[in-house]
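**Student:** Take this sequence and fold it.
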Amino acid sequence: MRPSFGARPTKEGVSFRLWAPGARRVDLLLERRHAMQRRQDGWYVADIAGLAAGSRYQFRIDDEIDVPDPASAFQPEDVFGPSEVIDHDVFAWRAREWRGRPWEETVLIETHVGTFTQEGTYRAMMDKLDHLAATGITALELMPLADFAGRRGWGYDGVLWYAPDSAYGRPEDLKTLIDEAHLRGLMVFLDVVYNHFGPEGNYLGRYAPAFFTEAHTPWGSAIDYRVPQARAFAVENALSWLTDYRFDGLRLDAANHILAIPGEQSMLQDLSVAAGELAKATGRHIHLVLENGDNRASLLDAAQEPPNGKYRGQWNDDYHHVWHVMLTGEHAGYYGDYQTPRVDLARALASGFVYQGEISEFWGKKPRGEPSGTLPPATFVNFLQNHDQIGNRPLGERLESLAPPQQIEAALAVTLLAPMVPMLFQGEEWGSKVPFPFFCDFQGGLADAVRRGRRQEYAWAYDKYGDDVPDPLDPATLQSAVLDWTGHTPEQNARLALVRELLALRRKAIMPRLNGASFGGAEAADNGLLTAHWLMGDGAALRLTANLSDKDIAHSSDSAGTPLWGGATGDRLPPWSVVWQLGA
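**Tutor:** Residues are numbered from 1 along each chain as shown. Next comes the predicted model:
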């Protein structure tokens, strides 16, 4: 099916389409100006014979303003410059037989291209793929790539959704990275943002105001997915990443801020159905994951293969929050909702979400979530760190700078072997302490507004740390977040060895049993003892026993299970010890 939006090479040349219902006239700017023909429903079209891929173009709206293509495939001069015609069909893929991997084999690592290596490019990331594969990672997840204003940013302020940001390289560089990952058996996921457009470089409001509603998200105007063209723009964008670049999956950012239409099928469902049709047509495994603060279990089902209206998994913020409170003692902000972290952790291990309809103080003293215990455990993506939880701290400190190593290693032993899908953040596998503060590259008044906003939000931190709080607009702030791949300490080498040992055991003993697994139960005692169990797909019982305290705990060993990790329990559990067993 031909995409509705953008410029596509044809046998004769290039075909251009722009939905601009708010424009009286649109001209295509190449070496000369071409008047575009207005069709029904606000579409403007132009077919230019003899034009080749690599040509650059813009649209002139009402003889007033020159804009890039909102579906631009590449912006070599950033979001304000001309768009470049890209022929996606000419790339010579090497991993042609790649069809992905089942969801149960997923072990994610979240990465930011610009800080993953010193060079900060797609090409440079390729040199680290062997490290990821050797560690036991099976899926590389990239933070958003949709073109954003400037050369530095997290990517969540993208304005040209179809164009991978030129700060990291060209589209063929990104394809080569994905191809090289596939050759090593690694899946590649992309974080996408469909709840808003960034504040700088988005011109849709000028010529297609119907894209937006009067409602606002925390980051900008809400997108009106009641409008068929707006809905198609998002769904076709997802399919573009999955087909033109062969991403294996997408993670949708802050889905609770995507406009839903009561009584009608949502854009989220449309996207899932479209991805499922692609999976059926190509025989590929395609995985869709949500971030959704509403904890809507009804949107999720890891067992739905291929996708057909549901989502494979969801980032489980609840799981992160209970560990963070337990390991750091922090209770500010949303952490205040987790006053009994061990009990809350038991709930997360026993049924997925902590909040399954209970009243949340932080979320406006309203019910939050839906019951999730009947879902497959692999529906939940569990993590101890991610870009948000590190980068939204004033100093951007990692957990490694906030908690003792012994406690972190206990948390890793639980997270990496539990039947939920685990995710690490870049460098976490060796215990990196490199911070990940927020950074961006806006100019003028918008840059000033970002600085003012940060000072208001983190006034206490500026009072306490003063100039030590990183300036998000300073290029040095990005540089401070670049991973250091050299000179690891003995402690970091030991941490990497631990993570590799745990993931090797996961690959051998957990992954083959995940299909068909179900939640069992979990209990947390006042003394710090945590026990949990799950029924695996082959009928075996996976059992966890952990001492999440600073003191020895008297505990009788369970001889019914075969030790997987941590050794026999004996009659006492040392502080922060974790034992896994597999039994009947």
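
**Student:** how long is stretch 217-236 end to end?
**Tutor:** With CA to CA, to the nearest Å as the measure, stretch 217-236 spans 22 Å from end to end.

**Student:** In that stretch, which residues are buried?
**Tutor:** Neighbour-count burial for stretch 217-236 flags 219-225, 227, 229-236 (criterion: 16 or more other CB atoms under 10 Å). Every residue, glycine included, has its C-beta placed from N, CA and C.

**Student:** Looking at those residues, which are in helices?
**Tutor:** In helices, judged by DSSP state H, the following of the buried residues of stretch 217-236 are found: 229-236.

**Student:** which among these gets closest to G528?
**Tutor:** A234 (46.1 Å; CB to CB).

**Student:** Find the nearest non-adjacent residue to that closest one, please.
**Tutor:** Spatially, and ignoring its direct neighbours in sequence, A234 is nearest to Y194 (4.8 Å; CB to CB, 6 or more residues apart in numbering).

**Student:** hmm, back to that, so which of the ones in helices among the buried residues of stretch 217-236 would you say is closest to F438?
**Tutor:** A234 (25.5 Å).

**Student:** give me every residue that touches A403.
**Tutor:** 327-328 (CB atoms under 8 Å, 6 or more residues apart in numbering).

**Student:** Among the buried residues of stretch 217-236, which has the minimum pLDDT value?
**Tutor:** When these are sorted by pLDDT, the bottom entry is G220 at 85.

**Student:** can you give me the strands for the stretch 51-200 of the chain?
**Tutor:** All strands of the stretch 51-200 of the chain, identified by DSSP state E, counting those that start in this stretch, fall at 56-61, 65-67, 83-84, 108-111, 139-142, 146-147, 160-164, 187-192.

**Student:** Quick one: closest of the ones you listed to A418.
**Tutor:** Comparing the strands of the stretch 51-200 of the chain by their distance to A418 (CB to CB), the top pick is strand 108-111, with 14.0 Å.

**Student:** Report the rounded mean pLDDT for that closest one.
**Tutor:** Strand 108-111 carries an average pLDDT of 98.

**Student:** what do you get for stretch 162-173?
**Tutor:** pLDDT averaged over stretch 162-173 gives 98.

**Student:** Stretch 10-26 now?
**Tutor:** Across stretch 10-26, pLDDT averages out at 97.

**Student:** Next: stretch 128-138.
**Tutor:** On average, stretch 128-138 scores 98.

**Student:** got the buried residues for that stretch?
**Tutor:** Neighbour-count burial for stretch 128-138 flags 128-129, 132, 135-138 (criterion: 16+ other CB under 10 Å).

**Student:** can you count the residues close to L402?
**Tutor:** Counted with other CB atoms under 10 Å, the neighbours of L402 add up to 14.

**Student:** Same check on L145?
**Tutor:** Using other CB under 10 Å, L145 is surrounded by 23 other residues.

**Student:** Not counting sequence-adjacent ones, nearest residue to it?
**Tutor:** With sequence-adjacent residues excluded and distances taken as CB to CB, 6+ apart, L145 is closest to P164, at 4.4 Å.

**Student:** and if you look at R33?
**Tutor:** Leaving aside its sequence neighbours, R33 sits nearest to D27 (CB to CB, 6+ apart; 4.9 Å).

**Student:** Quick one: residues contacting that neighbour.
**Tutor:** Shown in contact with D27 (CB under 8 Å, 6+ apart): 33-36, 59-60, 63.

**Student:** can you list the weak-confidence ranges in the stretch 1-150 of the chain?
**Tutor:** Low-confidence segments of the stretch 1-150 of the chain (pLDDT under 70): 1-3.

**Student:** Helices along that one, start to end?
**Tutor:** Using DSSP state H, counting those that start in this stretch, the helices of the stretch 1-150 of the chain run over 113-116, 122-126, 129-135.
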